[in-house]
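Student: build me a model from this:
(4 chains)
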Number of protein chains: 4
Amino acid sequence: MSSATKAIKAITADREWEQFHSEENLAKSVAIEAGELLQCFQWGVEFDPGRVQDELADVLTYCLLLADKLGVDPEQIVLQKLAVTREKYPVDKARGRSTKYDAL
Amino acid sequence: MSSATKAIKAITADREWEQFHSEENLAKSVAIEAGELLQCFQWGVEFDPGRVQDELADVLTYCLLLADKLGVDPEQIVLQKLAVTREKYPVDKARGRSTKYDAL
Amino acid sequence: MSSATKAIKAITADREWEQFHSEENLAKSVAIEAGELLQCFQWGVEFDPGRVQDELADVLTYCLLLADKLGVDPEQIVLQKLAVTREKYPVDKARGRSTKYDAL
Amino acid sequence: MSSATKAIKAITADREWEQFHSEENLAKSVAIEAGELLQCFQWGVEFDPGRVQDELADVLTYCLLLADKLGVDPEQIVLQKLAVTREKYPVDKARGRSTKYDAL
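Tutor: The predicted structure is shown next:
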C-alpha cells in the first residue's frame, strides 16, 4: 500500500490536515466511514458496487493514515494478526464454522 | 497488499469460511472491528499501541477480503477516491480546515 | 425513560464516573456498543435474543446518558425527529419502499 | 418510552416499512446512525448541539423499534443490565476509574 499511503499523505500535507489526524480522530474516522459502508447494505444484501467501492476506499484511507501515524506497515500487521488467528482457529476445529474461538 | 490478501484467502479457504463472507457480512465485520478499534480510545486520547495495532489489523483484514470479493484492488480504489477528494477540497479553500466540502 | 435515567445516573455518581462522560466519549461509547450489538448478527440473521437484549441495553444506556448530558428528554427528541421524517417521507411516495428521501 | 414507540410504529405502519425491519436490519441501522452521531465529534470535542440531538434521536428510534421487535421494554432491559453492572463494578474498586471490570 506504500503508493496509496504516499498519495494520502501528500493530499493531507498540502491541505495542512495533519493537525486533525490524532490517532483517536483517525480511529473515529474509521468507524464513521465503516458506518457509511454498512449503509450500502442497510435494508438487505443487494448493493451498488460503485458505492460500496467508494465507501470501502474511505475506510481504507483512514486505516492507512492510522497505520502511518502508528509507524507500522499495514501489510505486516495484517500478516502478524493472521498468525494469531491461525493458532486460535485450528483447521480441524474451525472448518466450516463461524463459531468464535472461545466457543470452539 | 497482495501478499496480505493471499495469506488471508489461504486461511479462509483452509477453514471453509468463504460461505460466511458475503459482501454484506464483510461490511458488517468491518463495522464491528471498527467499533473494537474505537474502544481503544473510549475514555480519552491515551492508548495502548499494541492493542490499536491489533484492532487496526482486524479492520484491514475484512477490508481486504471485501475488496477481493468485489474484484477490486484496494490500492487502486484508494487512489481513485483520492482524485475525487482533491477536486472536492481545493488546497486554497481547504487548507488548515476540517470543514466538510459542502460547507467550504 | 426517566426511571432508567435516574438509575444510570445513580450508578455513575456512586462510582464517580461523570468525569469520563463528556459528550464525545458518550458518542464513542454509543458507537462501540452498537458494534457489539451488530456482532450478534455478524454471520447471518439468526441470533441469540438474550445477547441482543443485553447489547441493546448497553446502547440505550449510553444514549440516555448522552440525552441527560445534553439536557434533552429522549422521548421528546424522538418525537421531534419523527415530525421531520413524516415530512421527508410522504405516505404516498414512501409506501413499501426503503428508498432514501432524496431519491424518492 | 411508550408514546415514542407508538408514534414510531404508526409512521412505520403507514408507510408499510415493517417488511424492512428485521432484527438484523434494525441492528445495522443502529450502528449506521451511531456512526452519524460520532461524526458530530469527528475532529474534536466541540459540537453542534442541535445536530447531536438529531442524530441521537435517530439512534434511539432504531433502538426502540428493535426493542419492540424483540418484545422487550426498553426501560426494563436497561434496568436489568444495570444490575449486572453494579455487580461487575463494585463501588470501592471502580470509583473514579474507567478500567474494564476484568482488569479491576
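
Student: what residue in chain A comes nearest to chain D?
Tutor: residue A:35 (2.2 Å; C-beta to the nearest C-beta). All C-beta spots, glycine's among them, are computed from the backbone N, C-alpha and C.

Student: how about the residues of chain A by chain D?
Tutor: A:20, A:25, A:28-29, A:31-36, A:38-39, A:41-44 (C-beta under 8 Å from any C-beta of the partner chain).

Student: could you find the closest non-adjacent residue to the residue of chain A closest to chain D?
Tutor: Once flanking residues are discounted, residue A:35 sits nearest to residue D:35: 2.2 Å by C-beta to C-beta, 6 or more residues apart in numbering or on different chains.

Student: what subset of the residues of chain A next to chain D is buried?
Tutor: Buried residues within the residues of chain A next to chain D, defined by neighbour count using 16 or more other C-beta atoms under 10 Å in any protein chain shown: A:20, A:25, A:28-29, A:31-36, A:38-39, A:41-43.

Student: between the longest helix that chain A contains and helix B:49-70, how many degrees?
Tutor: Counting residues, the longest helix in chain A under DSSP state H turns out to be helix A:49-70. Calculated by axes from the mean of the first three to the mean of the last three C-alpha atoms, to 10 degrees, helix A:49-70 forms an angle of 160 degrees with helix B:49-70.

Student: now do the buried residues in helix A:49-70.
Tutor: For helix A:49-70, by 16+ other C-beta under 10 Å, it's A:52-68, A:70.

Student: pLDDT below threshold where in chain A?
Tutor: A:1 (pLDDT under 70).

Student: the residue located most distally from the centre of it: which element?
Tutor: The C-alpha centroid of chain A is most remote from residue A:92, which lies 28.4 Å away (C-alpha atoms, centre = their mean). Residue A:92 is part of helix A:91-94, with elements assigned from DSSP states H and E.

Student: which parts of that helix are buried?
Tutor: For helix A:91-94, by 16+ other C-beta under 10 Å, it's residue A:94.

Student: any idea how far the closest residue to residue A:47 other than its chain neighbours is from residue A:94?
Tutor: Nearest residue to residue A:47 in three dimensions, chain neighbours excluded: residue A:40, at 4.9 Å (C-beta to C-beta, 6+ apart). Distance of residue A:40 to residue A:94, given as C-beta to C-beta, to the nearest Å: 29 Å.

Student: sec struct for residue A:47, please.
Tutor: On the three-state scheme (DSSP: H, G, I helix; E, B strand; the rest coil), residue A:47 is labelled coil.

Student: what about it, how many residues nearby?
Tutor: Other residues within reach of residue A:47, judged by other C-beta atoms under 10 Å in any protein chain shown, total 16.

Student: contacts only, for the residue nearest to residue A:57 when sequence neighbours are not counted.
Tutor: Spatial nearest neighbour of residue A:57, excluding adjacent residues (C-beta to C-beta, 6+ apart): residue B:81 at 3.7 Å. Residues in contact with residue B:81 (C-beta atoms under 8 Å, 6 or more residues apart in numbering or on different chains) are A:54, A:57-58, A:61.

Student: which of those sits closest to chain B?
Tutor: residue A:57 (3.7 Å).

Student: isn't that closest one right up against residue B:84?
Tutor: No. Taking C-beta atoms under 8 Å as the definition, residue A:57 is not a contact partner of residue B:84, at 9.0 Å.

Student: what's the local residue count around residue A:73?
Tutor: Count around residue A:73 with other C-beta under 10 Å applied: 16.

Student: any idea how far residue B:56 is from the nearest residue to it once chain neighbours are set aside?
Tutor: Of all residues not flanking residue A:73 in the chain, residue A:67 sits nearest, at 7.0 Å (C-beta to C-beta, 6+ apart). Separation of residue A:67 from residue B:56 (C-beta to C-beta): 6 Å.

Student: find residues that contact each of the two.
Tutor: A:74, A:77.

Student: could you check whichever strand or helix holds residue A:12 and say which residues are buried?
Tutor: For residue A:12, the host element (DSSP H and E) is helix A:2-14. Residues A:4-5, A:7-9, A:11-12 are the ones in helix A:2-14 that count as buried (16+ other C-beta under 10 Å).

Student: out of these, who's nearest chain B?
Tutor: Nearest member of the buried residues of helix A:2-14 to chain B, counting by C-beta to the nearest C-beta, is residue A:4, at 4.3 Å.

Student: contact partners for that closest one?
Tutor: A:60-61, A:64, B:74-75, B:78-79, B:82.

Student: could you do residue A:43 as well?
Tutor: By C-beta under 8 Å, 6+ apart, the contact list for residue A:43 reads C:98, D:20, D:25.

Student: my read: the last one touches residue A:44, true?
Tutor: Yes. Contact status for residue D:25 versus residue A:44: in contact at 7.4 Å, counting by C-beta under 8 Å.

Student: hang on, the earlier thing: looking at the residues of chain A next to chain D, spot the one nearest residue B:104.
Tutor: Closest approach to residue B:104 among these (C-beta to C-beta): residue A:20, at 14.7 Å.

Student: circling back to that earlier point, ok and the longest helix of chain A relative to helix A:2-14, angle-wise?
Tutor: Using the same axes, to 10 degrees, helix A:49-70 lies at 80 degrees relative to helix A:2-14.

Student: mind listing what's buried in the helix or strand following helix A:49-70?
Tutor: Note on helix A:49-70: by DSSP H and E, the next helix or strand toward the C-terminus is helix A:74-88. Residues A:74-75, A:77-79, A:81-82, A:85-86 are the ones in helix A:74-88 that count as buried (16+ other C-beta under 10 Å).

Student: what parts of chain A come near chain C?
Tutor: A:28, A:31, A:35, A:38, A:42-44, A:98.

Student: circling back to that earlier point, out of the buried ones among the residues of chain A next to chain D, flag the one nearest to chain C.
Tutor: Distances from chain C to these, taken by C-beta to the nearest C-beta, are shortest for residue A:43, at 4.1 Å.

Student: give me the distance between that closest one and residue B:34.
Tutor: Separation of residue A:43 from residue B:34 (C-beta to C-beta) stands at 21 Å.

Student: follow-up on the earlier one: what's the helix or strand for the residue of chain A closest to chain D?
Tutor: Residue A:35 belongs to helix A:23-39, assigned by DSSP H and E.
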